[in-house]
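In: here you go, sequence then predicted model.
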Amino acid sequence: MVAAPVLEELREVCQPYAKLASRNGEHWAGRLYMRRVSLRFTRQLVRTAVTPDQLTWTMVVCGIASGAALLVPGLTGAVLAVVLMQLFLLFDCVDGEVARWKGQNSATGIYVDRLGAYLADAALMAGIGFRAAENGLGGWLSLGVATALGVVLLKASTDLVDVARARRGLGVADDESTRPRSQGVATVRRLAAAFKIHRVTNGIEASLVLLAAAAVDTVTGGVDATRWALVALAAVTWLMVPAHLLSILSSSRLRRPEPHGGGDRAGVA
């Protein structure tokens, strides 16, 4: 078997500074702790025949399973959901690191990675709805599904920026282009960023919110805390949908960086 690479060499190749420093390209938990963990796994995986795409599909399974885990009642299901979401994050880090080291980057991997993010977050939100409905049908399940739809719309609106730029012949938008041109929108965006409330629309954070609610429910009995958590998640998500759209349209993400304008709308179907 091939010898394991030195960690420092692996870090230089697999965890480039530009990737970790990107506000939009790296999850805060990745920077805080998961990248330290993932590199140890990557160090062993690069010695095997495992492909990045296989790791990405494993990530997808973990993400969907986190939502399914909420079918298990009580604190056990909530703990399982958190663990599976952490595994989702781990494999989300590892697949890209292995791809960089082996030089096996592919459009398929990127596509499946994004698909997995949609499915994982949506599955978790729907699972919370099922849990709030006490494993039955009704309004709470509908609210969970509606929250899942809102999360999908948030992710889609972000990814559609890349689609629009690609059709216009533009490169990937950088962090600078995400800043709103409107001073008012920029102020609101800074306030939202300061409180970090938007983060609960991500599955990783939402699973932690659910765990806290499940712990309260274990003490008090019933699912009232879970229901309040779902209401909060739904409210934040659907407030974020129009706010995120406004943020995109008021930024430079959909504009050509050159100072001159005009031209036809090439690439529009």
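Out: Ah, there it is. Numbers count the residues shown, from 1 in each chain.

In: which regions of this structure sit below the pLDDT cut-off?
Out: Scanning the chain for pLDDT under 70 picks out the ranges 1, 19-25, 135, 174-195, 256-269.

In: if we use 90, what do you get?
Out: For the chain, the stretches with pLDDT under 90 are 1-35, 104-106, 134-138, 158, 161-200, 243-269.

In: what segments of it are helices?
Out: Secondary structure of the chain by DSSP state H: the helices cover 7-14, 17-21, 28-29, 35-45, 52-68, 74-102, 107-132, 139-167, 183-195, 203-220, 224-249.

In: save those helices as TSV, and put in mean neighbour count too.
Out: Quick note: C-beta positions are derived from backbone N, CA and C, even for glycine. TSV is the format used below for the helices of the chain (neighbours: other Cβ atoms under 10 Å):
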stretch	mean neighbour count
helix 7-14	15
helix 17-21	11
helix 28-29	16
helix 35-45	18
helix 52-68	21
helix 74-102	21
helix 107-132	22
helix 139-167	17
helix 183-195	12
helix 203-220	20
helix 224-249	18
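
In: now tabulate the ones you listed in CSV and tack on distance to Ala173.
Out: CSV is the format used below for the helices of the chain (distance: least, Cβ to Cβ, whole Å):
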stretch, distance to Ala173
helix 7-14, 24
helix 17-21, 14
helix 28-29, 20
helix 35-45, 23
helix 52-68, 23
helix 74-102, 19
helix 107-132, 16
helix 139-167, 6
helix 183-195, 15
helix 203-220, 23
helix 224-249, 10
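
In: what does Gln15 show for phi and psi?
Out: Taking degrees, to the nearest 10, you get phi -130, psi 70 for the backbone angles of Gln15.

In: that one contacts Leu39, doesn't it?
Out: Yes: look at Gln15 against Leu39 with Cβ atoms under 8 Å: they come within range, at 6.8 Å.

In: now the common contact residues for those two.
Out: By Cβ atoms under 8 Å, 6 or more residues apart in numbering, Gln15 and Leu39 have these common neighbours: Glu97.

In: among the helices of the chain, which comes closest to Arg255?
Out: helix 139-167 (9.5 Å; Cβ to Cβ).
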